[in-house]
Structure formats: C-alpha cells, structure tokens
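[1] sequence below, structure please.
(4 chains)
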There are 2 protein chains.
Amino acid sequence: MPLPETEVPGALQTALVSRGIRMTRQRRIILEIIETATQHLDAAQILRKAARVDPNINRVTIYRTLGLLKRHGLVDELDLLHVKGEGHFYERRPQRDHMHMTCLRCGKVQEFESDLFDRVKGQVERDCHFHILLARFEIGGYCASCRK
Amino acid sequence: MPLPETEVPGALQTALVSRGIRMTRQRRIILEIIETATQHLDAAQILRKAARVDPNINRVTIYRTLGLLKRHGLVDELDLLHVKGEGHFYERRPQRDHMHMTCLRCGKVQEFESDLFDRVKGQVERDCHFHILLARFEIGGYCASCRK
DNA sequence: CTGCTTGACGCAAAGCGTTGCAACACCATT
DNA sequence: AATGGTGTTGCAACGCTTTGCGTCAAGCAG
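    Numbering: from 1, shown residues only, chains lettered A, B, ... in the order given. A predicted model of the protein is given here:
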C-alpha cells in the first residue's frame, strides 16, 4: 500500500456524508482505521483495532461498513489469490489503479502501476463497449528474492 | 467460457495421472463435470451434478479436488467480483489467459483476450523480476446492453 | 430542544469453505 | 490374485461472512 498517506483526514467520512449516508459512531471508528492504515487489513484486524476504541462494536458492523464502502467505490477488496488464507483484504481506492503481485513462497505483496495496464482497460472500454467501474488485477508467482 | 470444447476427453485426468496423482472414482466424476462444463460452475453446482452420479459424494471432496486442480494449475478460480454472491467459480485453465468482465446490472460474464494484457504480464516479469504463475484480471462495470 | 422516521446496530442463525481424524480404497509389489 | 503402505474420503467441527429481525439512534422537521 502506498505509504505516504497524502490525503485529507476524514476524506472517507466526507465522501459518505456528501452522498447522504448517515454517519454513526461505529462508522467513524471504522473509517478512521481504514484511512490511517499503512497496510492491507482484513476484517478481523479492523475489528480488533475498532474494539480498542469501542469494545462493544460488532463484527457484523465491520462487514456491513466494508460492504457500504465497496458499493460506493471507496475501498477495493482483494483476496491476494488466497495465498494468505481465505479472507479478504481492503484498501482505500487509490487515484490510479494498480496491480497486486503476491509471492506464493514468502507471501510478500507488491503493488505496481503501469501505463500498459491503463491501456488494457481503455481497450476493453472501446472494443467491448464495456463501461468499467472496477478493475482488479491480481498476480501470483515468485518475487525477485524468492525466485533465486 | 469458450464454447467450442476443442479438447481431448479425459485430458484433466491424464494430466493428474501423469503427475503421479492417484485417481479415484470421486475424482473421475468431478473432472468429467469440469471438462464438459459450458459455463463457469461454483462448488455447489459441481456437487449437485456429482450427486446425480454418486449420491454419497461429499462436498468436502469437491473442495479438496478443486484445491488440487488449482495447485496444479489445471483450473482457475474466479470470484467474478462477488457480483453473483460470495462463492467462487471455476474454469479449466485456458491456453491463453483472458480477462473476465462481469456486468454489475445484468450479471452477464464476458471473456476477453488481448495482446496488451499479455504485454502487461511481460512488463511485470521484466520490470519487477517477478515470475508469474497465475494472473487474474477481473473487471466490473456495465456491459454494452446495460449501459444504454 | 423535542419528537418522529428511517436507517443502522447487535444478536442469533445460516451459508460457504476449511481442517482434524479415523476408516477406506488405490495401486505398486509380490 | 492377495498384501501392504499411503493418500483419499466422509464425518464432524470450526472459522469467516452474510442475512433476518427486533431495538436503537442519527438527524430532519417542527
């Protein structure tokens, strides 16, 4: 995940409120966690962090809030090809789409942006008359360190 | 899924046996179902079809056989961006990778091969020194019919 | 500030997929 | 054709995620 978090604090909250979504104590906690995350989190990790602020927060609320953010295109869901187990991981939707490469040996996840990647999406939009809202490109294999 | 099934019958079974994998009655049934499928099947559909041949076959066996085929690179697992529910879908690994575009309105799934797509993978291999074994490119949006 | 409507929360239960374990079946060897 | 070792199966139980439902609280109107 891109480390420099060059974003206005509370941007997710602002985005939801501007769409007329009701803001609750629980949602504020979850959004704050996602905004300040420096790595891909899964639902259990988000729950654990949230429980430190409000021990009564329920797992179901985590899942429902993640679903809400997904539907509004504010977070992307990854499964990293199930290399790290069956769970899903979440990240704020970035300015520009990127690919995720997961090493099948060491489990490290790299991200990669590319003009070619953007051009493939352009080709799909043109050739297939398909209006893209979501693009997930996940790659599995061996990273530079592990392929030696 | 590419409709013309231009493949030797029993190719999956041959591939497994040649790798020294033990062939069982249950596996033969499951492989046959996957080979003759004309659309992406999920585990429950495979189980239902298998139960018509052997009512005692267990769902765990379905999951384990799918895991085996995945590990050997003989089938690809898709989640079609969870548009059709949380389950996973399976298809035999094709000669050439393709993208999957799922319409968020009507649920239709299209496939698309592209040189650009192949070139992105080449770029990742070169620029990131990453040895690709698996590539999944899933797109969500509105198809030509639904975007009108 | 108070009341009201509607959406969100928490709980319980169900669905999908995985894991541990004992019994079984494949198949190589004899 | 019988035997034996090893991998596979089925069952039960568990973990992750979603769904149904009654209660509660956000935030608009007065």
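[2] list the buried residues of the longest strand anywhere in chain A.
    Ranked by residue count, the top strand of chain A under DSSP state E comes out as strand A:131-142. In terms of neighbour count (16 or more other Cβ atoms under 10 Å in any protein chain shown), strand A:131-142 has its buried residues at A:Ile132, A:Leu134, A:Ala135, A:Arg136, A:Phe137, A:Glu138, A:Ile139, A:Gly140, A:Gly141, A:Tyr142. C-beta coordinates here come from the backbone N, C-alpha and C atoms, glycine included.
[3] looking at it, A:Ala144 is touching B:Cys128, isn't it?
    Yes: counting by Cβ atoms under 8 Å, B:Cys128 is a contact partner of A:Ala144 at 7.0 Å.
[4] quick one: which of these two has more around it?
    Remark: of A:Ala144 and B:Cys128, B:Cys128 carries more neighbours, 18 against 13, as counted by other Cβ atoms under 10 Å in any protein chain shown.
[5] still on that earlier bit, so what touches the longest strand of chain A?
    A:73, A:76, A:78-81, A:83, A:97, A:99-105, A:117, A:121, A:124-125, B:81, B:104, B:120-121, B:124, B:130-142, B:147 (Cβ atoms under 8 Å, 6 or more residues apart in numbering or on different chains).
[6] so what's A:Leu69 up against?
    Taking Cβ under 8 Å, 6+ apart, we find A:Leu69 in contact with A:Leu12, A:Ile34, A:Val75, A:Tyr90.
[7] got the residues of chain A near DNA strand C?
    Residues of chain A lying near DNA strand C by Cβ under 7 Å from any atom of the strand: A:21-22, A:24, A:26-27, A:54, A:56-58, A:60-61, A:64-65, A:82, A:86.
[8] what's the farthest-apart pair in those?
    For these, with distances taken as Cβ to Cβ, the pair at the greatest spread is A:Arg22 and A:His82 (34.2 Å).
[9] more neighbours, these two?
    Each of A:Arg22 and A:His82 has its neighbours counted (other Cβ under 10 Å); A:His82 has more, 17 against 7.
[10] local confidence estimate at the residue nearest the centre of chain A?
    Centrality entry for chain A: nearest residue to the mean C-alpha point is A:Glu91, 2.1 Å, by Cα atoms, centre = their mean. On the pLDDT scale, A:Glu91 is placed at 94.
[11] pretty sure it sits in a strand.
    Yes: looking at A:Glu91 with DSSP: H, G, I helix; E, B strand; the rest coil, it is inside a strand.
[12] surely it meets A:Val75?
    Yes: contact criterion Cβ under 8 Å: A:Glu91 and A:Val75 qualify, at 6.5 Å.
[13] now do the shared contacts for the two.
    Residues touching both A:Glu91 and A:Val75 (Cβ under 8 Å, 6+ apart): there are none.
[14] buried residues in stretch A:89-97?
    Neighbour count says stretch A:89-97 has A:Phe89, A:Tyr90, A:Glu91, A:Arg92, A:Asp97 buried, by 16+ other Cβ under 10 Å.
[15] residues contacting A:Ala11?
    A:Glu35.
[16] helix or strand for A:Gly20, just tell me which one.
    For A:Gly20, there is no enclosing helix or strand under DSSP states H and E.
[17] one more: A:Gly85?
    Using DSSP H and E, A:Gly85 maps to neither a helix nor a strand.
[18] now tell me what touches stretch A:107-119 from outside.
    Stretch A:107-119 has contacts (Cβ under 8 Å, 6+ apart) with A:1-2, A:40, A:80, A:83-84, A:96-103, A:137, A:143, A:145, B:116, B:119-120, B:123-124, B:127-128, B:130.
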